[in-house]
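A.B. asks: the sequence and its predicted three-dimensional model are supplied below.
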Amino acid sequence: MNTKSLEEAAWRAILDHVPGRAGQRVGPASASAHPESGTLWQIYSPLVASDWLVIAQLGQTLDGFIATRTGHSRYVTGPEDIRHLHRLRALVDAVVVGAGTVVADDPLLTVREVVGPNPVRVIVDPSGRVDPRARVFRNTDARTLWLRSAQRPMPAPVPPPVEVVALEEREQGGFAPVDILRLLAARGLSRVLVEGGGITVSRFLAAGVLDRLHVTVAPMVLGSGRASLTLPPVDRLDQALRLRCRHFLLGDDMLFDLELHS
């Protein structure tokens, strides 16, 4: 069996470890896959260890930017990191993105680079910025939840599989991350990927609700642009978040797997 076939077999075996997916095999996993012995298992085993998971991911430059000042971001990281992102999607029940990400990138938020199920797509859009013609609303490969402010007019009915959900704005400029997670948990979506952008990931990190954070750093320098993470300022280094960290090479990029809750 060649390297590519071994990797695919190991990945299928990892998918079979996802909680709550017993009997939902995505295809045969080779008996020789032995996922516990490979790099894929090292990266993803913490993500299949429990029924509850909230993980965020970012791809950034060496100097901490996820896009240019105009919002151009395709692609900061290389193809190996894109494949990693699609694997993260396949391991969760729901993928959360902010309105800015949809407006800038018009993503599908489906699993295409690897074998695996599509997560429910969750669009955080308090002010109704996202165009109803965005691909996440027109594409039928996965369900979509469109989170809108209960204080603002609701859009005209949208075709399935899009569900418009009214949510109270309890924080300035948006929804409280804990409210989003409670809403998803009530729908049986307990394994969540917060995919972007930087503002949305920062809000979840600041709220203390993330279990893990994956940051992939590309050997690229922008010098200016849109920041990866923006948190409340601190005056001393001992007030900074110091996280337990593992790291893995993804092609020319470096993945930092950061553990927030032990």
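C.D. replies: Thanks, I have it. Residues are numbered from 1 along each chain as shown.

A.B. asks: for the stretch 151-262 of the chain, just list every one of the helices.
C.D. replies: Applying DSSP state H, counting those that start in this stretch to the stretch 151-262 of the chain gives helices spanning 177-186, 198-206.

A.B. asks: next one: the last one to chain centre, how far?
C.D. replies: Averaging C-alpha positions (CA atoms, centre = their mean, to the nearest Å) puts helix 198-206 12 Å from its chain's average.

A.B. asks: mean confidence for it?
C.D. replies: Averaging pLDDT along helix 198-206 gives 96.

A.B. asks: who's in contact with that helix?
C.D. replies: For helix 198-206, the external contacting residues (CB atoms under 8 Å, 6 or more residues apart in numbering) are 54, 56-58, 66, 96-98, 100-101, 124, 171, 174, 177, 194, 210, 213, 226-232, 241, 260. To be clear about C-beta, it is placed using only N, CA and C from the backbone, and glycine gets the same treatment.

A.B. asks: from the residues you listed, which would you call buried?
C.D. replies: Among the contacts of helix 198-206, those scoring as buried are 54, 56-58, 66, 96-98, 100-101, 124, 174, 177, 194, 210, 213, 226, 228-229, 260 (criterion: 16 or more other CB atoms under 10 Å).

A.B. asks: centroid-nearest residue for the chain?
C.D. replies: Centroid check for the chain by CA atoms, centre = their mean gives Glu195 as the closest residue, at 2.9 Å.

A.B. asks: quick check: that residue vs Leu85, distance?
C.D. replies: Separation of Glu195 from Leu85 (CB to CB, to the nearest Å) stands at 7 Å.

A.B. asks: so what sits against both of those two?
C.D. replies: Listed as contacting both Glu195 and Leu85 by CB under 8 Å, 6+ apart are Gln57.

A.B. asks: just to revisit the earlier point, okay, the helices of the stretch 151-262 of the chain, which one's buried deepest?
C.D. replies: helix 198-206 (a mean of 21; mean count of other CB atoms under 10 Å).

A.B. asks: so what's Gln57 up against?
C.D. replies: Leu85, Leu88, Leu193, Val194, Glu195, Gly196, Val201, Leu213, His214, Val215, Thr216.

A.B. asks: now the phi/psi pair for it, please.
C.D. replies: phi -140, psi 150 (degrees, to the nearest 10).

A.B. asks: partner residues bridging it?
C.D. replies: Per DSSP bridges, the residues bridged to Gln57 are His214.

A.B. asks: mind checking pLDDT for it?
C.D. replies: At Gln57, the model reports a pLDDT of 98.

A.B. asks: and if you look at Ala156?
C.D. replies: Here the pLDDT value assigned to Ala156 is 76.

A.B. asks: and if you look at Arg21?
C.D. replies: With respect to pLDDT, Arg21 has a value of 76.

A.B. asks: my read: it touches Leu15, true?
C.D. replies: Yes. Here Arg21 reaches Leu15: they are 7.3 Å apart, a contact under CB atoms under 8 Å.
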